[in-house]
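> Any chance you could fold what I've pasted below:
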Amino acid sequence: MKTLVLSQSPADIKIAIDILKKGGLVAFPTETVYGLGASINCDSAIKNIFKVKGRPQDNPLIGHICNKTQLLTYVKDVSNDAKVLMKKFWPGPLTLIFKNTPKVKKIVNPNNEVAIRMPASSLALALIKGVGPIVAPSANLAGKPSPTNALDVLADMDGKIDAVIKGEANVGLESTVLEVKKRPCILFRPGGVTLEELQKTLGDENITLFKKKDGEEVIAHSPGMKYTHYSPNAKVVLVNKPQNDFEEFVLKQKGKIGVICNKKIDFDGLQFNYSSKKVFAHNLFSWFRELDRCGVKTIYVKSVSKKGIGLALMNRLVKASSKEI
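Below is the predicted model:
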């Protein structure tokens, strides 16, 4: 298969829509990361998503819609909390988990529920308007860093999917995933909409973070809960030290290493520095991939506070590091 590389011109968007209508797969940038899109009504295309990504079958997919009429096809009950959140954060990087209708196929979500979001990306909305609702997990091999540009998509998917649309994601991390079936609402995955924003909207007492109980089997209500995620080929070590101690720690390391931190360190290895957590989030996955291309064996990352987007950053870093801190 030859993977077409498309622009965002009206003519190329029409080509992408035609591919999706015919049961093909198209990778495209959203405001979060690149999604790998398929029509929500095409079982063969959805099966192909699992195949090309190497994605476990019990890892649910998120449905993407462009209007609230589409929502009611797949959602049984819309709580008052959900209505408040949709009014404030949709379109945007917030996925909500609802009770499902029979229209939701088990291949999309095996848990008698459905995860839905309305993306803020004008390109994504144009595709959905042309095709109808789509499912769109991140456009990477399962377990690897989510791609935020077309080149990183092609590194994983060239020759495996029908097309990729050129562009760049904005937030750089996947959407926030929140269950809104009952109170308190459960935050399964932090993302572009922060915990503080959710608490300000619904009240602190009405938002709780998912925590696995001892001996409890983890059900994948959301992507990113159950399996290895976000990991480059290089070993990732999350270092929870103040800046001066972090620098001293890094300078003692041997071999070809990479560093990600907020201040430049005077050493011979490869490093990426950021001016804010927002910049860090935007670049994290692309930096992981670039360090892999440079042949780095170990990446040392300085931890950040969990305030704001920092909660989502630390969630991704802990998973990428296999909890090696």
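> What strand or helix carries residue 178?
Following DSSP states H and E, one finds residue 178 within strand 176-179.
> low-scoring pLDDT stretches of this structure, where are they?
Within the chain, the segments meeting pLDDT under 70 span 213-220, 225-228, 324.
> mind listing the helices for it?
Here the chain has its helices, by DSSP state H, at 10-21, 43-53, 68-74, 80-89, 122-131, 150-157, 195-202, 243-251, 277-293, 310-320.
> who wins for proximity to residue 61 among those helices?
Nearest to residue 61, of all the helices of the chain, is helix 43-53, at 7.1 Å by Cβ to Cβ. C-beta here means a position set from N, CA and C on the backbone, and glycine is covered the same way.
> As JSON lines, the helices of the chain with mean neighbour count would be great.
Formatted as JSON lines, the helices of the chain follow (neighbours: other Cβ atoms under 10 Å):
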{"stretch": "helix 10-21", "mean neighbour count": "17"}
{"stretch": "helix 43-53", "mean neighbour count": "17"}
{"stretch": "helix 68-74", "mean neighbour count": "16"}
{"stretch": "helix 80-89", "mean neighbour count": "17"}
{"stretch": "helix 122-131", "mean neighbour count": "19"}
{"stretch": "helix 150-157", "mean neighbour count": "21"}
{"stretch": "helix 195-202", "mean neighbour count": "17"}
{"stretch": "helix 243-251", "mean neighbour count": "14"}
{"stretch": "helix 277-293", "mean neighbour count": "20"}
{"stretch": "helix 310-320", "mean neighbour count": "22"}
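> Dump those to JSON lines, plus distance to residue 29.
Output for these, formatted as JSON lines (distance: least, Cβ to Cβ, whole Å):
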{"stretch": "helix 10-21", "distance to residue 29": "12"}
{"stretch": "helix 43-53", "distance to residue 29": "17"}
{"stretch": "helix 68-74", "distance to residue 29": "21"}
{"stretch": "helix 80-89", "distance to residue 29": "19"}
{"stretch": "helix 122-131", "distance to residue 29": "7"}
{"stretch": "helix 150-157", "distance to residue 29": "8"}
{"stretch": "helix 195-202", "distance to residue 29": "23"}
{"stretch": "helix 243-251", "distance to residue 29": "33"}
{"stretch": "helix 277-293", "distance to residue 29": "12"}
{"stretch": "helix 310-320", "distance to residue 29": "18"}
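> Which stretch among those helices approaches residue 268 most closely?
helix 243-251 (10.1 Å).
> Run through who's touching that closest one.
For helix 243-251, the external contacting residues (Cβ atoms under 8 Å, 6 or more residues apart in numbering) are 239, 241, 257, 259, 261, 262, 263, 265, 267, 269, 300, 302.
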